[in-house]
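Predicted model follows, preceded by the sequence.
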Amino acid sequence: GFGITWIINATESLFDYSFNGPAVTWEDFYDPDFSPMLDITFSDPAIEKQAREICKDDPFCLYDIAATGDVAVGESTFVGSENLEMITGLLMPVFCDPPCINGVCISNDTCICGEEFEGLDCSEPVTSQKDDDEPDKESNETEVSVIVGATLGSILLFVILIILIIIGIAVASHVHERGKEKKGLRYSPEKVLDSETKI
């Protein structure tokens, strides 16, 4: 089909294949019978069982394991998908309608009012006071605690987010290195620099 028209020969290639090893040539990568897998199809029932346990219904995770036969690649995809979903949730904007006039919007349509205000949008002055005409200090302390708790919770979620991103990068790097080792490919900066000068 169409892909065959894009095949080049060894003399047309700009790549230096020797960085994969001295005996590696263009012919090692030439496969005119290659057919890309467009559907999730497993050739090994044992790997399919593992994949379905790990991936649940995640199509990207299932596809990666089916295409590579490597469960670690799918695990990395699954963790990345979960992290992305969590990050997206954390970064979703929060709106209060009506807006919090004298308070803080902590989640959609949920205001925490300042110590002298109440109501859905924190616009109503507090009228209920104790018999001795003193403001309800316990209520004020609770409100302050909730605001401080919400702020600390946001900071904690941000720190967890950063940690998850670092873990995701580490896992992806490990899977990438493991994949290269399985293929017998080793990265050599010297050979890459050498190959760049040859192009």
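Ah, there it is.

what about the strands in this structure?
103-107, 110-113, 117-118, 124-125 (DSSP state E).

Output these in a markdown table; the columns should cover distance to Asp97 and mean pLDDT.
The C-beta positions use only the backbone N, C-alpha and C, and glycine is treated the same way. What follows is the strands of the chain, written out as a markdown table (distance: least, C-beta to C-beta, whole Å; pLDDT from 0 to 100):
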| stretch | distance to Asp97 | mean pLDDT |
| --- | --- | --- |
| strand 103-107 | 9 | 85 |
| strand 110-113 | 10 | 89 |
| strand 117-118 | 18 | 90 |
| strand 124-125 | 17 | 92 |
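
Serialize those strands to TSV and add fields for distance to Ser76.
TSV is the format used below for the strands of the chain (distance: least, C-beta to C-beta, whole Å):
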stretch	distance to Ser76
strand 103-107	32
strand 110-113	36
strand 117-118	49
strand 124-125	52
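
Out of these, flag the one nearest Tyr63.
Tyr63 sits nearest to strand 103-107 of all these, at 35.2 Å, using C-beta to C-beta.

picking that back up, dump the strands of the chain into JSON lines; add mean neighbour count and distance to Phe34 as well.
What follows is the strands of the chain, written out as JSON lines (neighbours: other C-beta atoms under 10 Å; distance: least, C-beta to C-beta, whole Å):
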{"stretch": "strand 103-107", "mean neighbour count": "17", "distance to Phe34": "51"}
{"stretch": "strand 110-113", "mean neighbour count": "19", "distance to Phe34": "55"}
{"stretch": "strand 117-118", "mean neighbour count": "19", "distance to Phe34": "68"}
{"stretch": "strand 124-125", "mean neighbour count": "12", "distance to Phe34": "70"}
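
Glu85: which of these is closest?
Per C-beta to C-beta, nearest to Glu85 of the strands of the chain: strand 103-107, 18.0 Å.
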